[in-house]
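Undergrad: One predicted model, sequence on top.
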Amino acid sequence: MLKEKYAAEIAAIFAKYPPERKKSATMPLLSLAQKEYGYCSDEAIREVADLVGSSPTDVKGVVGFYTMYYEKPVGKVVIDVCDDLPCALKGADGFLSMCERRLGIKAGETTPDGKVTLNAVMCLAACDHAPLAQVNGEYAYDLDEAKFDELIEKSK
Amino acid sequence: MDKHVLLRDEDIPNIHQLDVYTQNDGYAAWKKALTSMKGEEVLNVVKDSGLRGRGGAGFPTGLKWSFIPKDIFPKYVTVNCDESEPGTFKDHQLIRSNPHQVIEGTALCCYAIGSNLAYIYCRGEFSEPGKALQKALDEAYAAGLLGKNILGTGYNLDIQLHFGAGAYICGEESALLESLEGNRGQPRLKPPFPAVVGLYGKPTVINNVETLANVPPIILNGPAWYKQWGTERSPGVKLFSVSGHVKKPDNYELPLGKYTIQDLLDMAGGSSTGRPIKAVLPAGSSSPIIPAANFGTKMDYEAMAGIGSVLGSCSFIFMDESVNMVWAARKMIRFFKHESCGKCTPCREGTYWALSIYDKLLSGVGTMEDVNLLADVNKQIIGKCFCPLGEFATSSMTFTLKHFKKDYEDFIAQKMGGSKEFMAELNRDHHAHTLAH
């Protein structure tokens, strides 16, 4: 249960908002739950709903709306590669095809051993360093084949 | 300009640290305001400076602040750090490398309107630069610059960091408020405007990160100092994010109205491919494209409007002549289709149908009849939605067609669609989209 395991973190999250506005904590609590369970499972959603005083349906609606909440398990390493226009002008589509070949999966999939998820994502606001990715939320800039191999090696 | 006003991290190493920031005039404006100015005076200085919102709309900042009713409490300030427009990465640099200036500007805004609580809404993908911002907030609290009874003046102020979780629409101010209240980020109908009914139904100022970073030097040095840069109607300095086919993609801080688009291209080292530059999107994917023939235009709000485009957030995406605009427009439409919040049918369905038409073109089975249908789709979107997202989507179609119709004709006549690369791109989009939500 999040409530017991993360009591201090949860209290700190609620402290950011007026006491009568518990619902504002929905998103940070979902992020916390996702960190614990790996994705926004039905159990995680029920726990967050219980904490903020919403219905699980409402919380599930929030989960479905935002791209960074996962509705199913993902790999230990999540690689988000931007293929929006500024990155594409710098070869992001070719780079993504290379990532797919290297990992033997398509964008949106997880390797069979459950280790790596590859996603194609919208703009990551670092277009001066295209092609780029985020690896578990950390930026990786000016990527090419060699740097991608390095990233994979490092994250193992 | 010899020294930066905003990108001070490029002149002063480690200015992200509180001690370095304070050694370089940091929080001097905050102390000046708290100890010798009334909130209204701060507001008037910002008004006199002529500062306009840097998030894209260019609305006068001081005027926006003055819309906050005096007799309704509490009031809130929310800082829009949901930077998600393809081609824009200026706020990213500010919060990562000069976070205290953003915090100080936020504090001054709160003081000006009489607010005791501000939220900085960071896009979820900014968890890494967001750490730098949180660290700076912690330092400011520890130094007594934020919190209770600041500098013994009796003024209390909390600034909290709130992360989104991936949704472009949350950069729209009313969607941002919905998201901050724990809901799906879908825009509200306006009026009422947030200045009267904003966060938790209370008066709220929403400003972009860069806008607020301008405030501390303005309070410290005065409106006349700030007006030494820019034009009469577009005073001051502005950050320009430059990306695409240039040798030195980066953020450039420049006075408004002094330089032309060609000057900016030259500063960024010119074309990186050896091929001539064909066109630029001056404010990311949502802006009307500008052909190279118009690169002599000065970069201020009025001059850019004069050539049928916008200055907006100043995210210049340069494209060389190898780029066919059918492909480029499809990339932009794909973005807006993905980011449409689904609330208004014309936007949700319109972007879906527009993308379907472009997919048909890219896969090699489209005709000019399909291209002509785009105008019809646009007509069904424009002026029919709560927020501008749908309209943004139409500009990539309307203006690539207006300036580069030949690209569409060539694309079809020369049977460019259906190539191996295009099919790989289309298959990936459709596959990834089915798997994701």
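TA: That came in fine, so what should we check first? Residues are numbered from 1 along each chain as shown, chains lettered A, B, ... in the order given.

Undergrad: nearest residue to the residue nearest the centre of chain B other than its sequence neighbours?
TA: Geometric centre of chain B, nearest residue: B:Gly55, 4.0 Å, by Cα atoms, centre = their mean. Take B:Gly55 and drop its neighbours on the chain: the residue closest to it by Cβ to Cβ, 6 or more residues apart in numbering or on different chains is B:Asn208, 3.2 Å away. Placement of C-beta: from N, CA and C, glycine included.

Undergrad: Run through the bridge partners of the one you found.
TA: B:Asn80 (DSSP bridges).

Undergrad: For it, the count of nearby residues, please.
TA: 25 (other Cβ atoms under 10 Å in any protein chain shown).

Undergrad: That one is in contact with B:Gly53, isn't it?
TA: Yes - between B:Asn208 and B:Gly53 there is a contact at 6.0 Å, judged by Cβ atoms under 8 Å.

Undergrad: Name the SS class of the residue nearest to the centre of chain B, please.
TA: coil (DSSP: H, G, I helix; E, B strand; the rest coil).

Undergrad: if we can go back for a sec, ok, now how distant is the residue nearest to B:Gly55 from B:Pro255?
TA: 19 Å (Cβ to Cβ, to the nearest Å).

Undergrad: Could you report the distance from B:Glu41 to chain A?
TA: To chain A, B:Glu41 is 29 Å away according to Cβ to the nearest Cβ, to the nearest Å.

Undergrad: hang on, that residue in a helix?
TA: Yes - if the criterion is three-state DSSP, then B:Glu41 is within a helix.

Undergrad: got the buried residues for the helix or strand hosting B:Lys31?
TA: Taking DSSP states H and E as the definition, one finds B:Lys31 inside helix B:28-36. By 16 or more other Cβ atoms under 10 Å in any protein chain shown, the buried positions in helix B:28-36 come out as B:29-31, B:33-34.

Undergrad: show me the contacts for B:Cys170.
TA: Shown in contact with B:Cys170 (Cβ atoms under 8 Å, 6 or more residues apart in numbering or on different chains): B:82, B:84, B:121, B:123, B:164, B:176, B:179, B:185.

Undergrad: cool, B:Ile289 as well?
TA: With contact taken as Cβ under 8 Å, 6+ apart, B:Ile289 is in contact with B:279-281, B:309, B:325, B:396, B:399-400, B:403-404.

Undergrad: Which ones among these lie within strands?
TA: B:279-281 (DSSP state E).

Undergrad: Around chain A, which positions in the stretch 251-400 of chain B sit nearby?
TA: Residues of the stretch 251-400 of chain B lying close to chain A by Cβ under 8 Å from any Cβ of the partner chain are B:251, B:281, B:285, B:315, B:317, B:319, B:323, B:328, B:331-332, B:335, B:338-339, B:341.

Undergrad: can you pull the contacts of residue 86?
TA: With no chain named, the answer covers chain A. So A:Pro86 contacts A:123, A:127, A:130, B:86-87, B:243-244, B:317 (Cβ under 8 Å, 6+ apart).

Undergrad: let's do chain B instead
TA: A:84-86, A:122-123, A:127, B:284-285, B:315, B:317, B:332, B:335.

Undergrad: For it, give me the pLDDT.
TA: If you check B:Pro86, the pLDDT there is 96.

Undergrad: how is chain A carved up into domains?
TA: A:2-65, A:77-155 (automatic domain parsing).

Undergrad: Just send those domains back as a markdown table, with distance to B:Arg8 and mean pLDDT too.
TA: Listed next are the domains of chain A as a markdown table, based on distance: least, Cβ to Cβ, whole Å; pLDDT from 0 to 100:
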| stretch | distance to B:Arg8 | mean pLDDT |
| --- | --- | --- |
| domain A:2-65 | 29 | 97 |
| domain A:77-155 | 18 | 96 |
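
Undergrad: Of those, give the one that comes closest to B:Pro217.
TA: domain A:77-155 (24.3 Å; Cβ to Cβ).

Undergrad: how many neighbours does the closest residue to B:Cys387 other than its chain neighbours have?
TA: Take B:Cys387 and drop its neighbours on the chain: the residue closest to it by Cβ to Cβ, 6+ apart is B:Pro187, 4.0 Å away. Neighbourhood size, B:Pro187 [other Cβ under 10 Å]: 22.

Undergrad: Perfect, I'm done here.
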